[in-house]
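[1] predicted structure and sequence below. I'll ask about it afterward.
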Amino acid sequence: MAVEREPLFLVDGAELKNIFGAGAAWLSKNAAFVNTLNVFPVPDGDTGTNMQLTMEAAMQEAYANPSTNAGEISAALSRGALLGARGNSGVILSQILRGFTRGTDKRETIDARTLAEALSEASRTAYNGVVKPVEGTILTVIREAAESAVSAAAQSDDVCYVMNKASEGARRAVVRSPQLLPVLKEAGVVDAGGEGLALIFEGAQKYLHGEKLELARAAHTPRNLPVLARENGWGYDIQFHIRGENLNVNEIRETIAAMGESALIVGDESLVKVHVHAPNPGDIIKYGAERGSLVNIIIENMQEQYVDFMAGGTADQRIGAENLGAILPHETSRTAATTDKATGIATIAVVPGEGLRRIFESLGVSAIVHGGATMNPSAQEILDAVTQVSANEVIVLPNDKNIILAANQVKHLTDKHVQVIPSKTVPQGLSALLAFNFQADLDANVRVMTLALNRIRTVELTRAVRSAQINGVNVTQGQPIALLDGDLVASGEEMNALLLEVLHLAGAEDSEIVSVYYGSDIRPAAAEEIRARLQREFPEQEIEIHWGGQPLYPYVVSIE
Amino acid sequence: MAQVKIITDSTADLSPELAEALGITVLPLTIQIGNKSYREGIDLNAKEFFSKIAHTTTPPLLTAPSVAQFEQTFDELMKETDEIVAILNSSKLSKTFQNAQRAASPLMGRAKLRVIDSQLITTGLGMIVTNAARAAEQGADVEEVVRLTRGLIPRTYIAAFADTLDYLEHSGRIRKAQAILGTMLNIKPLLILEEGEIVVLEKVRTRAKAVEKLVEFIIEFTHIEKMDVLHSTTPEDVALLIEQVNLQLPNLDMKVEVYGPSLGVFLGPGALGVVVYEGT
């Protein structure tokens, strides 16, 4: 028997919070699924996680506002999302909320027509925010949701009805996305960002139909201490999975985030993945073990790893859980001069590993934001770094294609003059920073640094996160794969052999210098072996091997 | 009236023959390598210097002639003349100029004694010293020699890239905020002397790029009267540089020199540099 439902004519601020809260909750519940909708079998930005964290940041701001004015709550959501935006999908989501807010036009309450108008404005704002809009993405989803809402509002004054139609429109656009975007079809997935948005609509729809769907109020954006004082080491990089039943992801996230820095905690009721940096791993491990059984524990002493590398050591860096008592406090790194102190122009780089951080610092970077593939920092985290540096002119190096939009968002969140050099890889960022001219002004530096991006080629090696056929390359899950300037170009059986193959493909024999930045999974001894092999294979080239310490990518290489 | 006497220091990389022929007094700087000290140009030439630093782990140190050494030199010269011009290496690179000034100030009343901070080093300094000595030979007085020298200083440019940053960092003679050099990445900085101070112009990662940058630096001049190419142990880079410069400036007069120990203290071995004389 169908449940009788009163029509809903007006939505006030409190109800708007509930509606969006339900959307956020439904997205959170399904974020892990959205993460699997990865076109390229590469561990890069997790769309589900990025959108989830962006929505949570929006809700946090809304929950903090006691107003019942719908326009005001919408504005709070928008502000929270703008700051909390992570990854390209998070940034577009924040623009959707910004447009929605403009559409609500500061109204006390929202009726069906206003809802449709607000969604239309959301769609326009999202399209305007993207340089080259692509159909079959989240953009199509918001546009078709808005179109459905507009025609529904012409027929009914019931907000529930309009939301139903918007949600259906969103879902249809998602289902159709592989027809619009061939890469999706080839990969056999629907668009992840579009799916995330459709989930938000569905959560809202479910709530309006009486389903209890609430985002845990305690939930807050993790990684709230992203900008590390450059004088401090990072202590330990701690990763583990908690297996159990009825795990409370939000509670675990909140607790662990408070115990360390750069926390990234995702999962569901049966499995929670934890990645956090902390000065002392003992307490975090202990807490995790109380919640469930711990598997895949990796603890790395980032400071020791660096010291050991500098000493040419070969010791295994991974510390077994049994040795946790013998951990030494990290030492402080040398303070180097920075671009802002020399010229009044600050440079900020997003960097995924301790070794890479050191290298950027040795080149005078003013501040570091920890992040990279699968750990996209929020606009807020980049903004914090911009605020932290004393200079008023700031150059940001995102060093990842999925972080560029969030970095651009920061321009509008500060009075400082922020310029973003669109570096898509860490080697591109290094090349740009090297080109920084101490005699030049901001505009001239932006010019020379941007030119420097294309002066190098980047090779990245990682493991396929799923089986796929992309660009004519067959890959099976877990297999080593190689990217050349961001494109998947080869797969192989063995990481080192694949590295050699791709370096040839990239024309390393015609280059002058090949620099290898090895990741946290590679031991210094293995890196030395690679050096020897590369020197044999490329006798004409200078070969440099540096500890990068980045996760997931055993080798990141620049060819110049 | 006696002829104006010219004093300089060993960083000018003047040949002893030329110095003698022009009557130039050259005071040596002291180079410490390991726990031994050498007087530049007297106990230690460039070849010996590069061979010795290749076998020591601690970077060499440079010490200016003392105030007492200058006092003694001034005293001796004042027996022959009361017109002396001391033209010395950049006050930003060593204490030579400061020590000479301290020695000179009590003598100012007794003689026409001028001490000039050339803001230069190596053959750039050598060139203006040679010009000063020639002018003195032809009868110029102290003021004329000083005016000539001050006119040449801003038209003399020195640029070089170092193969390694270790020596530069250790010397501490780089503008403090610019010690942003990335010793981790084997950066080869293109350096210029700007008002006597070593300043990083650009940073590159390979010698080939560094040579390219040096060529770019040279061909930006609208007029070059002559040029020195400086190196220590890398004649192949010199040949490459000359070839590339000749493509753009086929008639340029280029002289190849090995830079001396004092500049070697800052640049270490393997550097490549140029001294450009813009002319008038």
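    It's in.
[2] how about the contacts made by residue 77?
    Picked chain A for this. Listed by CB atoms under 8 Å, 6 or more residues apart in numbering or on different chains, the contact set of residue A:77 reads A:16, A:20, A:58, A:59, A:61, A:62, A:97, A:100, A:101. All C-beta spots, glycine's among them, are computed from the backbone N, C-alpha and C.
[3] not quite, I wanted chain B
    With contact taken as CB under 8 Å, 6+ apart, residue B:77 is in contact with B:5, B:7, B:25, B:84.
[4] chain B contacts on chain A?
    Contact residues (CB under 8 Å from any CB of the partner chain) of chain A with chain B: A:336-339, A:341-343, A:358-359, A:362-364, A:430, A:434-435, A:437-439, A:512-513, A:515, A:542, A:544, A:546, A:560.
[5] narrow the residues you listed to those that are buried.
    Applying 16 or more other CB atoms under 10 Å in any protein chain shown to the residues of chain A next to chain B, the neighbour count classes A:336-339, A:341-343, A:358-359, A:362-364, A:430, A:434-435, A:437-438, A:512-513, A:515, A:542, A:544, A:546, A:560 as buried.
[6] strands - which of those land there?
    Residues from those lying in strands, with DSSP state E as the criterion: A:513, A:515, A:542, A:544, A:546.
[7] just the pLDDT at residue A:220, thanks.
    The score at residue A:220 is 41. That number is its pLDDT.
[8] with the one 4 residues further on instead?
    Residue A:224 carries a pLDDT score of 37 in this model.
[9] of the ones in strands among the buried ones among the residues of chain A next to chain B, closest to residue A:127?
    For residue A:127, the nearest member of those is residue A:515. The distance, counting by CB to CB, is 39.8 Å.
[10] now stretch A:525-544: buried residues?
    By neighbour count, with 16+ other CB under 10 Å as the criterion, the buried positions of stretch A:525-544 are A:527, A:530, A:534, A:537, A:538, A:541, A:542, A:543, A:544.
[11] pull the distance from it to the chain's centre.
    Mean C-alpha position of stretch A:525-544 versus that of the full chain (CA atoms, centre = their mean, to the nearest Å) differs by 33 Å.
[12] kindly export that stretch (C-alpha atoms) in PDB.
    Coordinates of each C-alpha in stretch A:525-544 appear next as PDB, following Å, rounded to 0.1, in the frame of the first residue of the first chain:
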ATOM      1  CA  ALA A 525      69.200  -0.600  -1.900                       C
ATOM      2  CA  ALA A 526      66.600  -1.400  -4.600                       C
ATOM      3  CA  ALA A 527      66.900   2.200  -5.700                       C
ATOM      4  CA  GLU A 528      70.600   1.800  -6.000                       C
ATOM      5  CA  GLU A 529      70.100  -1.200  -8.200                       C
ATOM      6  CA  ILE A 530      67.900   0.800 -10.500                       C
ATOM      7  CA  ARG A 531      70.600   3.500 -10.700                       C
ATOM      8  CA  ALA A 532      73.100   0.900 -11.900                       C
ATOM      9  CA  ARG A 533      70.700  -0.500 -14.400                       C
ATOM     10  CA  LEU A 534      69.800   2.900 -15.800                       C
ATOM     11  CA  GLN A 535      73.400   3.900 -16.100                       C
ATOM     12  CA  ARG A 536      74.100   0.800 -18.100                       C
ATOM     13  CA  GLU A 537      71.000   1.300 -20.300                       C
ATOM     14  CA  PHE A 538      71.500   5.000 -20.700                       C
ATOM     15  CA  PRO A 539      75.300   5.600 -20.700                       C
ATOM     16  CA  GLU A 540      75.000   9.100 -22.300                       C
ATOM     17  CA  GLN A 541      72.600  10.400 -19.800                       C
ATOM     18  CA  GLU A 542      73.000  11.800 -16.300                       C
ATOM     19  CA  ILE A 543      71.100   9.600 -13.900                       C
ATOM     20  CA  GLU A 544      69.900  10.900 -10.600                       C
END
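[13] what lies in contact with it?
    A:314, A:496, A:499-500, A:503, A:508-509, A:511-516, A:518, A:545, A:547, A:555, B:185-186, B:206.
[14] same check, this time on stretch A:497-505
    A:459, A:461, A:480-482, A:484, A:489-492, A:514, A:530, A:533-534, A:537-538, A:555, A:557, A:559.
[15] where does pLDDT dip in the chain?
    Since no chain was named, I'll use chain A. Screening chain A residue by residue with the criterion pLDDT under 70, one finds the ranges A:1-4, A:216-234, A:261-268, A:301-336.
[16] meant chain B, my bad for not saying
    Applying pLDDT under 70 to the predicted model, the residue ranges of chain B that meet it are B:1, B:174-183, B:280.
[17] residues contacting the residue nearest the centre of it?
    Of all residues in chain B, the one closest to the mean position by CA atoms, centre = their mean is residue B:121, 1.6 Å from it. Going by CB under 8 Å, 6+ apart, residue B:121 touches B:11, B:12, B:89, B:90, B:93, B:158, B:193, B:262, B:263.
[18] which ones among those map onto helices?
    Counted as lying in helices by DSSP state H, out of the contacts of residue B:121, are B:262, B:263.
[19] if you rank the contacts of residue B:121 by neighbours, which is first?
    Neighbour counts for the contacts of residue B:121 (other CB atoms under 10 Å in any protein chain shown) peak at residue B:11, which has 34 neighbours.
[20] noted, bye for now.
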